[in-house]
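Undergrad: can you look at this prediction? I've put the sequence above it.
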Amino acid sequence: MTGDDIRELDRRAVLASVDAVAAVTGADLERPTPCAGWTVRDLLGHMIGQHDGFAAAAAGRGGDLAAWAPRPLGDDPAAEYAVAAERVIGAFAAPGTLDRRFAIPEISPSLTFPAAQAISFHFVDYVVHGWDMARALGVGYRLDADLAAAAVPVAEAVPDSGRLRPGAAFAPRLAVQPDMPALDRVLALLGRSPSWPQGAG
């Protein structure tokens, strides 16, 4: 997969997450989500913070932990999210981005990552977080089948270490069945029950 390929996959996954978040109102912010212990407010603040952190990394400023911090929400969280999504899509599309190495201190305080690999991390995160948000809000999640299929090998490569620490992005992986649809496989690999909330806990 080329860098241009992963940028386009990421762009489409982020836009699918924007569609899911568009349903958020202030009354939804305390709803539970598939991210254990996180409300919609927590998840949305995290999603905006990660967009901003990856945008900073694409510009060579990812080493600043403050760039990755969850964001407090204002009066129109759906609009704030859409603006953050456009920021990161624009940052990834900027000339020269694919030639850089990204600092992602939440993954490693010392290593940097080739741009295409770093963008793949963002991609799988937003395939899953788009589903998280849609499921928390009780709305449909419109993710194209090729995006789910492309996310499977990325999810398979996510290490098992660190998944039990407080605030970890992904829970320990669940059992994966051979006949699972691609999106369900991604969710299980990253610790989500595809049947949440029925499969919660």
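TA: Sure, I can see it.
Undergrad: give me the neighbour count for Arg12.
TA: By other C-beta atoms under 10 Å, the residues close to Arg12 number 19. Quick note: C-beta positions are derived from backbone N, CA and C, even for glycine.
Undergrad: residues contacting it?
TA: 144, 147 (C-beta atoms under 8 Å, 6 or more residues apart in numbering).
Undergrad: and the helix or strand it falls within, how far out from the chain's middle?
TA: Assigned by DSSP states H and E, Arg12 belongs to helix 3-21. Computed by C-alpha atoms, centre = their mean, to the nearest Å, the chain-centroid distance of helix 3-21 equals 10 Å.
Undergrad: low pLDDT regions in the protein?
TA: Along the chain, segments meeting pLDDT under 70 span 163, 167, 199-201.
Undergrad: what's the burial count for the residue nearest to Glu30 when sequence neighbours are not counted?
TA: Once flanking residues are discounted, Glu30 sits nearest to Thr39: 5.2 Å by C-beta to C-beta, 6 or more residues apart in numbering. For Thr39, the neighbour count with other C-beta under 10 Å is 16.
Undergrad: which other helices and strands does the longest helix seen in the chain contact?
TA: Assignment by DSSP state H gives helix 115-137 as the longest helix of the chain. Secondary-structure packing of helix 115-137 (3 or more C-beta pairs under 8 Å, 6 or more residues apart in numbering; DSSP states H and E): helix 3-21, helix 40-58, helix 77-93, strand 101-103, helix 145-156, helix 182-189.
Undergrad: can you put these in JSON lines and add distance to His129?
TA: Shown next, in JSON lines, are the helices and strands packed on helix 115-137 (distance: least, C-beta to C-beta, whole Å):
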{"stretch": "helix 3-21", "distance to His129": "6"}
{"stretch": "helix 40-58", "distance to His129": "5"}
{"stretch": "helix 77-93", "distance to His129": "11"}
{"stretch": "strand 101-103", "distance to His129": "19"}
{"stretch": "helix 145-156", "distance to His129": "12"}
{"stretch": "helix 182-189", "distance to His129": "11"}
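Undergrad: between the ones you listed, which one is nearest to Asp125?
TA: With C-beta to C-beta as the criterion, Asp125 lies closest to helix 40-58 of those, at 6.6 Å.
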